[in-house]
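Q: coords please:
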Amino acid sequence: MRFSIPLLALATLSFAPADSARAGGTSPIVAEIVSFKLNEGVTDDEFVEISKASQAFVAAAPGFISRQLSKGEDGVWTDYVLWKDMESALTVGKAFPDQDFAPALMGAIKSGTEQMRHQYVLWQME
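A: All right, here's what the predicted structure looks like:
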């Protein structure tokens, strides 16, 4: 395997710990990772727009740090959200289905393909 960055230069890069100080809290940062496929007929652009409808709710939620939405070549999407702690992730997760945007978002996702997990971030590189 060939790297575009020489290994010596790689060793000098800044690595940031994912600790409570970075998130402004006392608990470890939590990654909420949701993977799924879309229903037939839902285009990538349509789903991105549907997802954007949840932006204001998620961004305003206490404990929100960041969010990314990606799609692999296999058609599996990943919604990756960082929260300052597990309590924040779980609290927002409970309120999420009751929001106005939720029916359209959940309606675009192929039933039975969803997988959600929460993991503590032990290390992070920027």
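Q: got the buried residues for stretch 102-121?
A: 105, 108, 109, 121 (16 or more other Cβ atoms under 10 Å). Where C-beta positions appear, they are placed from N, C-alpha and C, glycine not excepted.
Q: meant to ask about stretch 31-47, not that
A: 31, 32, 34, 35, 36, 37, 38, 47.
Q: next one: stretch 90-101
A: Using 16+ other Cβ under 10 Å as the test for burial, stretch 90-101 gives 92, 93, 96, 101.
Q: Need the residues that contact it.
A: The contact list for stretch 90-101, computed with Cβ atoms under 8 Å, 6 or more residues apart in numbering, reads 32, 50, 53-54, 57-58, 61-64, 83, 102, 106, 118.
Q: ends of that stretch, how far apart?
A: Counting by Cα to Cα, to the nearest Å, you get 19 Å between the two ends of stretch 90-101.
Q: ditto for stretch 102-122
A: End-to-end span of stretch 102-122 (Cα to Cα): 31 Å.
Q: What of stretch 37-47?
A: Stretch 37-47 has an end-to-end distance of 11 Å (criterion: Cα to Cα).
Q: now swap in stretch 66-80 and tell me
A: Using Cα to Cα, first and last residues of stretch 66-80 are 8 Å apart.
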